[in-house]
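Okay, sequence plus prediction incoming.
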Amino acid sequence: MALINFLKPKNQLEEGGRTSAPIVRDESEPETNCPNCHRDIPLSRLWANKLVCTCGHHFRMNARARIKMIADRDSFHELFAELSADDPLRFPGYRTKLEHVRVASYEKEAVICGTAAVGKEKCALFVQESNFMMGSMGSAVGEKVTRLFEYAVAHRLPVIGFTVSGGARMQEGLLSLMQMAKTSAAVRRHSDAGLLYIAVLTDPTTGGVTASFAMEADITLAEPGATVGFAGARVIEQTTKKTLPKGFQKAEFVLEHGFIDSIVPRPGQKRCLAELLKMHNGGQSHE
Amino acid sequence: MNETAYERVKAAREGSRPTGLDYITNIFKGFMEFHGDRRYADDPAIVGGIAKLMDDPVTVIAIEKGHTAKERAYRNFGAPHPEGYRKALRLMKQAEKFGRPVICFIDTAGAYCGIGAEERGQGQAIAENLMEMSTLCVPVISILIGEGGSGGALALGVADRVWMLENAVYSVISPEGCASILWKDSGKAKTAAQSLKLTAEDAKSLGVIERILSEKEMGKKEFYDRIRNLLSEELKSLTRDAELITHRYERFRKLGVSAITKE
């Protein structure tokens, strides 16, 4: 704005009786501030670049958007959409919270499952939703993920899973903890059937999801900068009374420590996944 | 039995309770401890090895909290690092190879929340145990003897039978942690304990455990004799074929199904 004012020609008419209209920023170019580089980036550019800033920062993306980004056009068929959390323990405030979250996210649960084609390769796909109680895993999430792996075994399909989760959903108590064992057993059956499972860890993947199906894939990928860990950073600081190392629990840190195969920026994910599926004979083990 | 849930939590944490090693040495004969995960280190928070149950060899694994201040520090207060879980898995695979049943004693506030633990894959270590235990070809019985803290407890709990001492607790999160996250007030731990349904009776009614063990004469010979007999009887009833794995799968498969709305 300052620059524009400076360049404005000094015109006699300006001194006259006319009221000068303030020059407003072009409204067709709204911007957002990147939390990483702190620069303003036009939203149109973010959109074109799959919600990735020019500095490489990956903005969070909701599950439906991811499916649109990864699956071939019109190839996604949702499964088990009818399943959603009940309130098994009558936990204080849980039912109200669920109702609010459902309206705000317009999703019934924190994971979306289905089948899709990725670069013409058919697969089973699950994508967790961060806008639904931070992707926490309750009985319905565990059941949907388990059913998807079972479906994939029955139909000899590889599984691609995008994880994002704060962990187990504490409002379902022990039942949510048990989903870790349940989903792990389902992943194992799928693996024993000789089928491929690729996990893509996105920001943040933590707690009970890290300690179950996020870390049980044949190939584990992650988005740049994603937080991947078991315990929360704040809890670790409180427990150990130590300052955490720089980049602690970021995907790059976890890669360096040997727990991730590769970090794949969002714009290249679809091609990478399609290529991996092709190289594994559509997700089946070679004869 | 009329105590509030939070009183149970306090009872489960009581330092005077028998710890994992007490159970091992009093229930089994000739325990020989095996150390190390063959990857990085030996974690004193988890002990394991072979022993005889009556006359049959079994693999025993226990989370150990220690009794004295010095022991407790050495055992890291029963908060295992990834190496502990990897040692446990190594011993389970060894048991599988030689056809020995596996008995686990669980007593932890949770897997350790530390920098090293994260660097060496705490989440991955637990995940691997869950996955591997689900298809372990020998009978597995896990007993919660004190605290059953979340994933760190479950990592030894994917079993054919899961039992709890009457004052043990089993929870997805500590009541204090739950209260501080949900209500920003760790003082509401009592409410949280009540709501989390973490007592042995709750766990049984949710179908998470099969049996509640009485604490009558806890720590005395009669107490251990009783558990030894129960273990021995139960192992006789468990098959050692593909059906074992199928039943274990179904045991966990059904959990939470009734907690879902289908519409």
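Thanks, I have the structure now.

Close to chain A: what parts of the stretch 151-263 of chain B are there?
B:151, B:154-155, B:157-158, B:170-173, B:177-178, B:181-182, B:191, B:195-198, B:202-203, B:206, B:208, B:248-249, B:252-253, B:255-263 (Cβ under 8 Å from any Cβ of the partner chain). In short, each C-beta sits where N, CA and C put it, glycine included.

Quick check: nearest residue in space to the closest residue to chain A within chain B, chain neighbours excluded?
As assessed by Cβ to the nearest Cβ, chain A sits closest to B:G256 within chain B, at 3.1 Å. Nearest residue to B:G256, sequence neighbours excluded (Cβ to Cβ, 6 or more residues apart in numbering or on different chains): A:S139, at 3.1 Å.

what's the one you found in contact with, if anything?
By Cβ atoms under 8 Å, 6 or more residues apart in numbering or on different chains, the contact set of A:S139 is A:85-86, A:88, A:172, A:175-176, A:179, B:255-257, B:259-260.

Output the residues you listed in JSON lines, with neighbour count, distance to A:L51 and secondary structure appended to each entry.
Formatted as JSON lines, the contacts of A:S139 follow (neighbours: other Cβ atoms under 10 Å in any protein chain shown; distance: Cβ to Cβ, whole Å; DSSP: H, G, I helix; E, B strand; the rest coil):
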{"residue": "A:A85", "neighbour count": "30", "distance to A:L51": "28", "secondary structure": "strand"}
{"residue": "A:D86", "neighbour count": "20", "distance to A:L51": "33", "secondary structure": "coil"}
{"residue": "A:P88", "neighbour count": "21", "distance to A:L51": "35", "secondary structure": "coil"}
{"residue": "A:E172", "neighbour count": "30", "distance to A:L51": "31", "secondary structure": "helix"}
{"residue": "A:L175", "neighbour count": "27", "distance to A:L51": "34", "secondary structure": "helix"}
{"residue": "A:S176", "neighbour count": "30", "distance to A:L51": "29", "secondary structure": "helix"}
{"residue": "A:Q179", "neighbour count": "31", "distance to A:L51": "29", "secondary structure": "helix"}
{"residue": "B:L255", "neighbour count": "23", "distance to A:L51": "36", "secondary structure": "coil"}
{"residue": "B:G256", "neighbour count": "30", "distance to A:L51": "33", "secondary structure": "coil"}
{"residue": "B:V257", "neighbour count": "17", "distance to A:L51": "36", "secondary structure": "helix"}
{"residue": "B:A259", "neighbour count": "22", "distance to A:L51": "34", "secondary structure": "helix"}
{"residue": "B:I260", "neighbour count": "22", "distance to A:L51": "32", "secondary structure": "strand"}
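
Redo these as CSV? Include distance to A:G229 and pLDDT.
Below are the contacts of A:S139 laid out as CSV (distance: Cβ to Cβ, whole Å; pLDDT from 0 to 100):
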residue, distance to A:G229, pLDDT
A:A85, 25, 92
A:D86, 30, 91
A:P88, 28, 93
A:E172, 22, 96
A:L175, 24, 97
A:S176, 19, 97
A:Q179, 19, 98
B:L255, 26, 96
B:G256, 25, 93
B:V257, 30, 92
B:A259, 27, 87
B:I260, 28, 88
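
how about CSV for those residues, with distance to A:T220 added?
Listed next are the contacts of A:S139 as CSV, based on distance: Cβ to Cβ, whole Å:
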residue, distance to A:T220
A:A85, 27
A:D86, 32
A:P88, 31
A:E172, 26
A:L175, 27
A:S176, 23
A:Q179, 20
B:L255, 26
B:G256, 25
B:V257, 28
B:A259, 29
B:I260, 28
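
how many neighbours does residue 106 have?
Using chain A here. 11 (other Cβ atoms under 10 Å in any protein chain shown).

let's do chain B instead
28.

is it fair to say it lies in a strand?
Yes. Assessed by DSSP: H, G, I helix; E, B strand; the rest coil, B:I106 belongs to a strand.

helices and strands of chain A: which one bottoms out on pLDDT?
Sorting the helices and strands of chain A by mean pLDDT, DSSP states H and E puts helix A:2-7 at the bottom, at a mean of 56.

Repeat that for chain B.
Ranked by mean pLDDT, DSSP H and E, the weakest helix or strand in chain B is strand B:260-262, scoring a mean of 86.

Pairing partners for that one, with directions?
Take DSSP bridges as the rule and strand B:260-262 pairs in its sheet with strand A:83-85 (antiparallel).

Can you name the residues in contact with the strand it pairs with?
Applying Cβ under 8 Å, 6+ apart, the contact partners of strand A:83-85 are A:98, A:102, A:108-109, A:138-141, A:143-144, A:147, A:169, A:172, B:259-263.

And the strands in the stretch 101-250 of chain B, which stretches?
Using DSSP state E, counting those that start in this stretch, the strands found in the stretch 101-250 of chain B span residues B:102-108, B:140-149, B:161-165, B:169-171, B:211-213.

Then chain A?
A:31-33, A:40-42, A:77-79, A:83-85, A:111-118, A:121-128, A:159-165, A:197-205, A:219-222, A:262-263 (DSSP state E).

which strands and helices sit next to the longest one?
It refers to strand A:197-205. Judged by 3 or more Cβ pairs under 8 Å, 6 or more residues apart in numbering or on different chains; DSSP states H and E, the packing partners of strand A:197-205 are strand A:159-165, helix A:173-192, strand A:219-222, helix A:269-279.

what about A:N131, distance to chain B?
In this view, A:N131 and chain B are 18 Å apart by Cβ to the nearest Cβ, to the nearest Å.

try A:F230
From A:F230 over to chain B (counting by Cβ to the nearest Cβ), the distance is 4 Å.

go on, A:K108?
9 Å.

Thought A:A81 was touching that residue, still the case?
Yes. Here A:K108 reaches A:A81: they are 6.9 Å apart, a contact under Cβ atoms under 8 Å.

which stretches of chain A have low pLDDT?
Applying pLDDT under 70 to chain A picks out residues A:1-28, A:283-287.

Residue ranges of each domain in it, please.
A:31-59, A:61-279 (automatic domain parsing).

ok so, going back, from the contacts of strand A:83-85, list the buried ones, please.
A:98, A:108-109, A:138-141, A:143-144, A:147, A:169, A:172, B:259-260 (16 or more other Cβ atoms under 10 Å in any protein chain shown).

Which two of those residues have the greatest separation?
A:L98 and A:R147 (20.3 Å; Cβ to Cβ).

follow-up on the earlier one: now mean pLDDT too, for the strands of the stretch 101-250 of chain B, in a markdown table please.
Output for these, formatted as a markdown table (pLDDT from 0 to 100):
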| stretch | mean pLDDT |
| --- | --- |
| strand B:102-108 | 98 |
| strand B:140-149 | 97 |
| strand B:161-165 | 98 |
| strand B:169-171 | 97 |
| strand B:211-213 | 98 |
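
ranking those by burial, who's on top?
strand B:169-171 (a mean of 30; mean count of other Cβ atoms under 10 Å in any protein chain shown).

Please state the offset of that one from the chain centre?
Centre-to-centre, strand B:169-171 and its host chain are 10 Å apart (Cα atoms, centre = their mean, to the nearest Å).

Could you do stretch B:137-157 as well?
Relative to its chain's centre, stretch B:137-157 lies at 3 Å (Cα atoms, centre = their mean).
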